[in-house]
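1. this is a predicted model, with the sequence first.
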Amino acid sequence: MFLIRLFRYIFGYIIFEGKAGFPERFINLCSQTGVNIWDVKCVSGSLTAKTDIKSYKKIRPCVRKSGMKVKIKKKCGVPFLIKPYLQRKGIFAGAALSVIFLSLLLSTVWSIEVTGNEKFTDEQIISIAEEYGIYPGAFRNSIDIQYVKAQIKANVDGISWFSVNIDGGKVSLEVSETEGDNTIYDKDTPCNLISGVDGEVLKIEAYVGEPAVKPGDAVVKGDLLISGVKEKADGTPYFVHAMGTAVIRTYRTIEYSVPLTIKAMKIEKTKNYPSLYIFGLTTPAPSIDEYGIKRAERKMLSFRGTSLPIGIVSHKYSFISECSVTLSLQQAGLLCSYLLFCEEKEIMKNSEFESKIVQIVKNETSVDISFSLVNHENTAIEQYFQVE
């Protein structure tokens, strides 16, 4: 019964009242001619009933033959509710645009989350993903997940595994980073292992292939450490992908000299121009050539901890000029120490200290630093070759 009432309300119905005449004959005529009426009530010669809109248009012959006088008491249902608004086309246009806009919102990326990254920042991973079509405002159906995963793993150094998961308007990027040892995991192509530095061999271990040196040998950069050429019992050569480790003692001397008077870049003035960011689209910002440094900062809206693809982008333009700066001996020494730290950090990625000597000499015009380092490095490099 509920569904019947619901459909009658959706398509509309009319409550009418009939007086005088013969109500019984009127009901019989309606039944014979297919006029649908229900909830019929007769009280003191007055008849009330309900009928649908189509049937009410056919009710006049039944009224005339039964001698009744019929008038409408109430019009009910959706058709009568929307009739006053049919002339207001703006309402329907707005409703249509709202449906279209809602569909677009439901089919686009709203936020991006990054997990598993340590060396790369979230902003760097998101920037890399943007190059392959993943950004707030992108259509979810336009993202080729398999293509993005393959391209990033193949073209971005430092990422060994990349995954893209889409859940509604949220995209999750999962990253696995390499250790940074330039290891190549192609075990089918023949290759040798060669030295990447000059020094003395301390330890050589060949997992696959034949050692070409022994502990105590001196090597220079490019010398063969482990050969990918082996021989069968009958003397026939065959080729393998050499694998192993080689620990080499190296001797390095690094020198830096920092003058007390140096050239520096000075920021004279800075201007900020905001622009609106909506679903990957940014309103244009002015391009000012006289400013030397340009950078952009995004401040996105958030809802319950989730970043929304709507916000403000601040374009900061800084005018710079060259100037001379006089350092104190202490400042020059700190700058030398920083340069030394950066160099040492790079060297120690795949090595261990044996000994080091640091000498700092301060004079009237500069601060000089000398860094003598003896360390053990594992710098075996794969060198592929082709067999003709």
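-> Done, it's in. Numbers count the residues shown, from 1 in each chain.
2. Arg140: neighbour count?
-> 15 (other Cβ atoms under 10 Å). Placement of C-beta: from N, CA and C, glycine included.
3. now do Leu105
-> 12.
4. doesn't Tyr135 make contact with Val148?
-> No - Val148 lies out of contact with Tyr135 (Cβ atoms under 8 Å); the separation is 11.7 Å.
5. which neighbours do those two have in common?
-> Ala129 (Cβ atoms under 8 Å, 6 or more residues apart in numbering).
6. the closest residue in space to Glu231 that isn't next to it in sequence: neighbouring residues, count only.
-> Counting by Cβ to Cβ, 6 or more residues apart in numbering, Glu231 lies nearest to Pro237, which is 5.5 Å off, once chain neighbours are set aside. As a burial measure, Pro237 scores 9 neighbours (other Cβ under 10 Å).
7. the chain should start at 28 in everything you say after this.
-> I'll keep to 28 as the first residue from here, and by that count the last item is Pro264.
8. quick one, grab the pLDDT at Pro264.
-> Looking at Pro264, its pLDDT stands at 87.
9. so what's it up against?
-> Contacts of Pro264 by Cβ under 8 Å, 6+ apart are Val256, Lys257, Glu258.
10. tell me how far it lies from Leu252.
-> 19 Å (Cβ to Cβ, to the nearest Å).
11. what do you get for Ser351?
-> 50 Å.
12. neighbour count winner among these two?
-> Leu252 (27 against 9).
13. any idea which helix or strand carries the more buried one?
-> Leu252 belongs to strand 251-254 when assigned by DSSP states H and E.
14. now that strand, how far from the centre of its chain.
-> Centre-to-centre, strand 251-254 and its host chain are 43 Å apart (Cα atoms, centre = their mean, to the nearest Å).
15. now the element after it, going C-ward?
-> Past strand 251-254, the next helix or strand by DSSP H and E is strand 256-258.
16. who does the helix or strand following that following strand pair up with?
-> Using DSSP H and E, the helix or strand that follows strand 256-258 in sequence is strand 264-266. Take DSSP bridges as the rule and strand 264-266 pairs in its sheet with strand 256-258 (antiparallel).
17. next, count neighbours for Leu220.
-> So Leu220, with other Cβ under 10 Å, has 27 neighbours.
18. with Gly223 instead?
-> 21.
19. do Leu400 as well
-> 20.
20. so which bits of whichever strand or helix holds it are buried?
-> Using DSSP H and E, Leu400 sits within strand 393-405. Buried residues in strand 393-405, counted by 16 or more other Cβ atoms under 10 Å: Ser393, Val394, Ile396, Ser397, Phe398, Leu400, Asn402, His403, Glu404, Asn405.
21. what is the nearest of these to Phe53?
-> Within these, the smallest distance to Phe53 is 105.0 Å, found for Asn405 (Cβ to Cβ).
22. distance check, the closest one against Arg35.
-> 84 Å.
23. distance check, Asp261 against Leu129.
-> 76 Å.
24. and what of Gln357?
-> 64 Å.
25. go ahead and name everything in contact with stretch 89-100.
-> In contact with stretch 89-100 (Cβ under 8 Å, 6+ apart) are residues 41-50, 52-53, 56-57, 60, 62, 74-75, 86.
26. buried ones in it?
-> Cys89, Val90, Ser93, Met95, Val97.
27. mean confidence score for that stretch?
-> 82.
28. what do you get for stretch 147-167?
-> 82.
29. can you list contacts of that stretch?
-> With Cβ under 8 Å, 6+ apart, stretch 147-167 has contacts from 134-139, 141, 144, 169-171, 174-175, 178-179, 183, 185-186, 191, 193, 196, 198, 200, 202, 204, 305-308, 335-336.
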